[in-house]
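K.L.:
Make a model of this:
(chains A and B)
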Amino acid sequence: AQKITQTQPGMFVQEKEAVTLDCTYDTSDQSYGLFWYKQPSSGEMIFLIYQGSYDEQNATEGRYSLNFQKARKSANLVISASQLGDSAMYFCAMREGPSNYGQNFVFGPGTRLSVLP
Amino acid sequence: DGGITQSPKYLFRKEGQNVTLSCEQNLNHDAMYWYRQDPGQGLRLIYYSQIVNDFQKGDIAEGYSVSREKKESFPLTVTSAQKNPTAFYLCASRTSESSYEQYFGPGTRLTVT
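P.N.:
Numbers count the residues shown, from 1 in each chain, chains lettered A, B, ... in the order given. Here you go, the predicted model:
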């Protein structure tokens, strides 16, 4: 079974508008971490935002926020005020287990975001 | 500057040849990882190492081998036993005390013909 599901292979958004990229996960661990990465066409992986399973508040980093709904096992990424430079692949990832123990990271298949001028 | 280097950026080999991809980090990170990425897909874990002289297989280790003789270095050898070696290979590292992310290198694009 897929541990990370990203149901949107591709998304389009108008410049300056907000967009939500979906991510659902599957784990039986109580302690885990959720990550979002951006991959431009150059191939590098850029860390965007992190949410721990015990964090009570949704994570935010500048224009990025993570809508964490633990009971639904979803960790959607919200990008506000989209910019042309946001066009890239976006990957949701999960670390199973506590941070100082679990070393297994699982990545979703990704969503390709295209920002339109 | 601290970071992860992978060399070369592009690598071409003939089928049947072993090839070694380099990964070096000066971040003093304990853990290092190798991932494979095929076009339009996510990352799949090949091998990871939490400490020197120790490493574990990931989901797709067949046809690959690694070594971890130094904390800074985690080379990946793609052997002739790997059926479809053409792919983008990403190396990453992480400090064991951090809740946070893995740091990634720029990647090596391997083409085998």
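
K.L.:
Show me what the one helix or strand in chain A whose mean pLDDT sits lowest pairs with in its sheet, parallel or antiparallel.
P.N.:
Here the helix or strand of chain A ranked lowest by mean pLDDT, DSSP states H and E is strand A:104-107, holding a mean of 85. Paired neighbours of strand A:104-107 in the sheet (DSSP bridges): strand A:88-96 (antiparallel).

K.L.:
Three-state assignment for the residue nearest in space to the middle of chain B, please.
P.N.:
The centroid of chain B falls nearest to residue B:34 when counting by Cα atoms, centre = their mean (3.0 Å). The three-state assignment at residue B:34 reads strand, by DSSP: H, G, I helix; E, B strand; the rest coil.

K.L.:
Residue B:75 is in contact with that one, correct?
P.N.:
No - taking contacts as Cβ atoms under 8 Å, residue B:34 lies outside contact range of residue B:75: 9.2 Å. All C-beta atoms are positioned from the backbone trio N, CA, C, and that covers glycine.

K.L.:
who touches both of these two?
P.N.:
Shared contacts of residue B:34 and residue B:75 (Cβ atoms under 8 Å, 6 or more residues apart in numbering or on different chains): B:21, B:23, B:66.

K.L.:
Quick check: of the residues you listed, which lies closest to residue A:69?
P.N.:
The shortest approach to residue A:69 among the shared contacts of residue B:34 and residue B:75 belongs to residue B:23, at 36.2 Å (Cβ to Cβ).

K.L.:
nearest to residue B:92, of the shared contacts of residue B:34 and residue B:75?
P.N.:
Set against residue B:92, the nearest of those by Cβ to Cβ is residue B:23 (8.7 Å).

K.L.:
Now the phi/psi pair for the closest one, please.
P.N.:
The phi and psi values for residue B:23, taken as degrees, to the nearest 10, are phi -140, psi 120.

K.L.:
Tell me the bridge partners for it.
P.N.:
Per DSSP bridges, the residues bridged to residue B:23 are residue B:6.
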